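>>> pasting a predicted model and its sequence here:
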Amino acid sequence: MRFDSIEVKDKTGAVIELRSAVETDAEDLLKYLKVTNTESAYLICEPDEITMTPDEERAFIARKNESGRELLLLAFDNGRHIGNCSLMSVGSSVRYRHRCMIAIALYREYCGRGIGRLMLGTVLDEAKKLGYTQAELEVVTVNEGAVALYESVGFVKCGTLPDSMRYRDGSSVDSYWMVKKL
């Protein structure tokens, strides 16, 4: 789905633009994925696993925009892409249609400014308007800041997935499955 541009203020008073991704964002998005996956051990892949081409990313963005029930929301500070929050349908069958997944990440330098909360709130509002009644996410248990953010907006822990993420050095971490009723 497409989401028209809005402006919000973060904790520092900076004006942050929130809008849907457009195909011309493809190269910035690929760079963002590689950098944020380098900055954080809490995201789902290693930077070298991001192999999508700009054309593939443009096609991905187009599919999101054409979808009636999914959203790729981007945040910008003075025109610089600084983060994403995704709304993804769990399934289209009657039994799963009410559920959506949420994923979010920011460049490290923008964390702690309330931008994630603003993006998350926007995406959850859109999810409710689209008829979803349950939002879900997975978060690494040691990512205490993210867990606190999710709990503060109404997500509850529904279980722990042991060894959900395994690193190249052989170590692993658990994840919480969290759910919010909309």
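Perfect, I can see it now.

>>> which of the helices or strands spans the residue nearest the centre of the chain?
The centre of the chain sits closest to Ile104, judged by C-alpha atoms, centre = their mean, with a distance of 2.3 Å. Following DSSP states H and E, one finds Ile104 within strand 99-106.

>>> buried ones in the helix or strand just after that strand, by neighbour count?
Downstream of strand 99-106, the first helix or strand assigned by DSSP H and E is helix 115-129. Buried residues in helix 115-129, counted by 16 or more other C-beta atoms under 10 Å: 115-120, 122-124, 126-127. Yep, even glycine has a C-beta here, placed from its N, CA and C like the rest.

>>> make TSV from these and add distance to Phe76 to it.
Below are the buried residues of helix 115-129 laid out as TSV (distance: C-beta to C-beta, whole Å):
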residue	distance to Phe76
Ile115	10
Gly116	14
Arg117	17
Leu118	12
Met119	11
Leu120	16
Thr122	13
Val123	16
Leu124	20
Glu126	18
Ala127	22
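
>>> in the helix or strand in which Leu149 is found, what counts as buried?
Secondary structure assigned from DSSP H and E places Leu149 in helix 144-152. For helix 144-152, a neighbour-count test (16+ other C-beta under 10 Å) marks 146-147, 149-150 as buried.

>>> now stretch 9-19
Buried-residue list, stretch 9-19, by 16+ other C-beta under 10 Å: 10, 16-19.

>>> of the residues you listed, which is the nearest to Gly79?
Nearest to Gly79 among the buried residues of stretch 9-19: Glu17, at 8.0 Å, using C-beta to C-beta.
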